[in-house]
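*Asks:* Quick one: sequence and predicted model below, then my questions.
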Amino acid sequence: MNKNISQKAGIPREILTAAWAIALGAIAPMLDSTMVNIAIDKLTNDFHTTLDTIQWGITGYILALAIAVPVSGWLMNKFNGKNIFIGAVIAFGLISVCAGLSWNISSFIIFRLLQGFSAGIITTLMSTLLVKTAGSENLGKVMAIVSTPMILGPILGPVIGGFIVQGASWHWIFFINVFIILISVPFMLKTIPDFEPFNKESKLDAWGIVNLSVMSATLIYGVTKAAAYASFSNEKTIFWIGIGFVFGGIYLLYNRMNKNQTVLPLNLFTHKSFLASSTGLFLANIAIMGPMLILPLFFQRILHFTAMEAALALIPQGVGMLVARPIIGKMIDRIGARNVVIVSLVLSLFGTFPLLSITGQTSLVWISIILFIRGTSVGGIMLPLMSDAYTGLDDKELPEAGVGINMIENIGSSFGSALIATVVATTVQGLQPTLNNELKGYHAGFLVSALVLIVIFIPSIFLTHKRKDLERT
């Protein structure tokens, strides 16, 4: 039966099995990053600490993940990719047990930092190894598989986390990862092929890794402060983003002096597809991940849903993603990324503009339809952009490309959340605290998302047009 399915999909069975194994290995960190958010109140009470201190367990995870991304590129160049990937998955499971056994807030934050670092290695290797496994002829369909943990994380994470916190305790948010690891590791050992080092002669670019890590961490921390203060003009945001730009400038000079022999060679951006995809992914993370922050708040503040009800109300969006995912993969390989992204952007606008007029009286059925439409378009924007980033690159360039793409996505999603939160807060600032005025804030946030979606049409024009174009490169 599996053989027939893989033949119909046009993917050899061993490639399909290996791709699923790689995607399965990434499910635990994708779920964990969102499940923890639902347990913040419980953690604050159990550790007898403040919300600001607990937030370091959330922010620290993201920052450690960002720091791990450039390290991952060097690991793929020097060692067997299969061993590094599986080792990182096992490490994530063991550290999850430690996080669940945390005895005070300090130990919890330390274990979350270690979790984030291992998650950064997993997510970076995941996309690069999938590209290597698939080959150019199956890239779209196989990249559609990698979207599974990406979809399950933000949609099902809060729901699963809510059930665990209510039915058991916050400790099981981490302990549950062990069961996922116990299932995934034997499957990965059996089905994932060995990946020879991509460039064993490459030397450890210690300064480049440190530079990019500091740049990413300070930029992301700066924009999280913008989200916390609902302003990009506060002193902490300006200070940390300023440091990030300084390190970015230093890296530009460093890369030029070393003639692109660095952990992230900037000549990658001379590839038309890589530059267009990178730009599109940064903007897409703003347009898609930003509203993910305010949609649950809309359900809770305007419709008076509980946190669990708000999480359940987002499920139609996840269902839309899952329904469209296999179709999108086939279409990428058949007609190229450009047409898929453009059609998906149009569909996404149909699922975004109605959000500008929703109120507390809007039918939940209508909201569910809107979210479903929006969900079907998400994969059609993100997947072609991700797959086209690797078009025309040599195997030796794949680790560096994976580093660049993951950094751009991490910074983009953080910036998107901060931008939307700031727009919402700024819109209602100075207004009477009424329901209608609060609605104006949410409508402004959704409008920003719609405008950014429109801007993505520009880089999408430069993506691969047809499969024939890809074969000529």
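*Replies:* Received, thanks.
*Asks:* Domain parsing of the protein, as residue ranges.
*Replies:* For the chain, whose domains are defined here by automatic domain parsing, the residue ranges read 8-198, 206-262, 268-473.
*Asks:* mind checking the end-to-end distance for stretch 389-404?
*Replies:* Counting by CA to CA, to the nearest Å, you get 10 Å between the two ends of stretch 389-404.
*Asks:* From the chain's centroid, how far away is stretch 324-343?
*Replies:* A distance of 20 Å separates the centroid of the chain from that of stretch 324-343, by CA atoms, centre = their mean, to the nearest Å.
*Asks:* For that stretch, measure first residue to last.
*Replies:* Per CA to CA, stretch 324-343 runs 13 Å from first to last residue.
*Asks:* Give me the buried positions along it.
*Replies:* Judged by neighbour count (16 or more other CB atoms under 10 Å), stretch 324-343 contains these buried residues: 324-325, 328-329, 331-333, 335-343. All C-beta atoms are positioned from the backbone trio N, CA, C, and that covers glycine.
*Asks:* can you put the domains of the chain in TSV and add mean pLDDT?
*Replies:* Converted to TSV, the domains of the chain look like this (pLDDT from 0 to 100):
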stretch	mean pLDDT
domain 8-198	81
domain 206-262	84
domain 268-473	82
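*Asks:* Show the contacting residues for Asn234.
*Replies:* Under the criterion of CB atoms under 8 Å, 6 or more residues apart in numbering, the contact list for Asn234 reads Lys225, Ala226.
*Asks:* wait, Phe245
*Replies:* When contacts are counted by CB under 8 Å, 6+ apart, Phe245 is found next to Leu219.
*Asks:* Assign it to one of the three secondary structure states.
*Replies:* In three-state terms, and counting by DSSP: H, G, I helix; E, B strand; the rest coil, Phe245 is helix.
*Asks:* and what of Ile86?
*Replies:* helix.
*Asks:* In this model Pro186 seems to touch it, though I could be wrong.
*Replies:* No - under the criterion of CB atoms under 8 Å, Ile86 is not in contact with Pro186, lying 10.1 Å apart.
*Asks:* Which one's more surrounded, these two?
*Replies:* For Ile86 against Pro186, the residue with the higher neighbour count under other CB atoms under 10 Å is Ile86, and the figures read 22 against 11.
*Asks:* What sits closest to the more buried one if chain neighbours are left out?
*Replies:* Closest residue to Ile86 apart from its sequence neighbours, by CB to CB, 6 or more residues apart in numbering: Met188 at 5.3 Å.
*Asks:* Just after the helix or strand that contains Pro399, pick out the following helix or strand.
*Replies:* In the assignment (DSSP states H and E), Pro399 maps to helix 398-428. Helices and strands here follow DSSP H and E; after helix 398-428, the next one along the chain is helix 435-455.
*Asks:* Please name every helix or strand in contact with that next one.
*Replies:* Packed against helix 435-455, as judged by 3 or more CB pairs under 8 Å, 6 or more residues apart in numbering; DSSP states H and E, are the following elements: helix 272-301, helix 337-350, helix 398-428.
*Asks:* Ok, which of these comes nearest Glu196?
*Replies:* helix 398-428 (12.1 Å; CB to CB).
*Asks:* which ones are touching Leu125?
*Replies:* When the contact criterion is CB under 8 Å, 6+ apart, the partners of Leu125 are Ser72, Leu75, Met76, Gly81, Ile84, Phe85, Ala88, Gly402.
*Asks:* Oops, could you answer that again for Ile238 instead?
*Replies:* Shown here is Ile238, whose contacts under the criterion CB under 8 Å, 6+ apart are Gly222, Phe232.
*Asks:* cool, Met308 as well?
*Replies:* Contact partners of Met308, counting by CB under 8 Å, 6+ apart, are Val159, Gly162, Phe163, Gln166.
*Asks:* same deal with Gly412?
*Replies:* Leu281, Phe282, Leu283, Ala284, Asn285, Ile286, Met289.
*Asks:* Buried ones in stretch 12-29, by neighbour count?
*Replies:* Residues of stretch 12-29 classed as buried under the neighbour-count rule (16+ other CB under 10 Å) are 15-29.
*Asks:* And for stretch 63-79?
*Replies:* Of the residues in stretch 63-79, those buried under the neighbour-count criterion (16+ other CB under 10 Å) are 63-79.
*Asks:* before we move on, back to that, and which of the contacts of Gly412 is nearest to Ser107?
*Replies:* Using CB to CB, Met289 is the member of those that sits closest to Ser107, with 29.8 Å.
*Asks:* what separates that closest one from Leu212, distance-wise?
*Replies:* According to CB to CB, to the nearest Å, Met289 and Leu212 sit 21 Å apart.
*Asks:* And these two? Which one has more around it.
*Replies:* For Met289 versus Leu212, the count of surrounding residues by other CB under 10 Å is larger for Leu212: 27 against 20.
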